[in-house]
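1. Provide a 3D model corresponding to the input given below.
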Amino acid sequence: MTNDTLTRDWLTYLEGLGRAPKTLKARACHLRQFSSRLDLATATEDELLAVFRERSDYSAETLHGMQATLRSFYGWAVRRGHVTTNPVLDIPTFRVPAGVPKPIDEVALRRALSLADPDTRRMLMLGAYAGLRISEIANLHESNISPNGIILKGKGGRTRRIPIHPLLAAELVDVNGWVFPSPTRPGKPVCTEYIAQRLKRVLPKPYTAHSLRHRFATQAYSTTHNIRAVQSMLGHTSPDTTARYVAIFDDDLAAAVNAIAA
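-> Numbers count the residues shown, from 1 in each chain. Below is the predicted model of the structure:
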């Protein structure tokens, strides 16, 4: 079977299981990373690892997601008899470390904005001023944007609202349909990989697309000191997760100590 046939049949299977359209889109984008480089039906573990190595600068979250896609795809392909062995079975799982917050600093952000074309600038602003994930940036539609803010439906059907920063509002005034329509698939949005690659071109190392989200969380918390508000805007189920996005600087620690009554 061809890569296109295998991909289509697998996505049809996932759709039958009730997977959300956004999930199907993310899985398709992940699998395309491999199907564009090798034959899915005959791929070996070494060939898959070679593709992962080429993307070693991707975030741990992205690599983890790509591996989860492969595990699902090849599990299905083996059960259906499309392949005889599962080449991803013995590849160690990419762990997502808790790590520390890594918000992009303001100098680096301004430089990235100065280097960006209009579309990439809009992507940067949606990450840095609204805290959107790259998958949410890729799937943003005019129907998500209102005077009350950006309205998004996340995992478990939960809806969240992010008020629109004045600087970001200027970037969204002319939106019609998909914010980032696909240049190759009429009527469809771009995939997550497209957003990641565009941002990678202007973001200096070690910053990634997720650093923009960390920047939003850190700035929002430092202004409000309301972890619940930040949690709501980021779409986290737990404030413990949100806390891992918020950087604490030396000035914050000093202010906390100085605030203690004598």
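2. shaky segments in this protein?
-> By pLDDT under 70, the low-scoring segments of the chain are 96-100, 154-157, 248-262.
3. nearest residue to residue 90 other than its sequence neighbours?
-> residue 45 (6.3 Å; CB to CB, 6 or more residues apart in numbering). Yep, even glycine has a C-beta here, placed from its N, CA and C like the rest.
4. from residue 180, how far off is that neighbour?
-> To residue 180, residue 45 is 34 Å away according to CB to CB, to the nearest Å.
5. who has more neighbours out of the two?
-> residue 180 (23 against 14; other CB atoms under 10 Å).
6. who's in contact with the more buried one?
-> Applying CB atoms under 8 Å, 6 or more residues apart in numbering to residue 180 gives the contacts 119, 122-123, 137-138, 140, 189-190, 194-195.
7. buried ones among those?
-> Listed as buried from those are 122-123, 137-138, 140, 189-190, 194-195; burial here means 16 or more other CB atoms under 10 Å.
8. so which of those comes closest to residue 12?
-> Closest approach to residue 12 among the buried ones among the contacts of residue 180 (CB to CB): residue 189, at 20.1 Å.
9. beta partners for the residue nearest to the closest one when sequence neighbours are not counted?
-> Using CB to CB, 6+ apart and skipping residues adjacent in sequence, the residue nearest residue 189 is residue 178, 4.4 Å away. Note on residue 178: beta-bridge partners by DSSP bridges are residue 141.
10. burial measure for residue 178, as a count.
-> 17.
11. oh, and call the first residue 52 from now on, that's how I've got it
-> Happy to do that; since the first residue is 52 now, the last one works out to residue 229.
12. that one touches residue 191, doesn't it?
-> Yes. Residue 229 is within contact range of residue 191, at 7.4 Å (criterion: CB atoms under 8 Å).
13. joint contacts of those two?
-> Between them, residue 229 and residue 191 share these contacting residues under CB under 8 Å, 6+ apart: residue 240.
14. strands along the protein, start to end?
-> Under the criterion DSSP state E, strands of the chain are mapped to 196-197, 200-204, 210-213.
15. and for residue 119, the neighbour number?
-> If we define neighbours as other CB under 10 Å, then residue 119 has 16 of them.
16. please consider this matter closed, and thank you.
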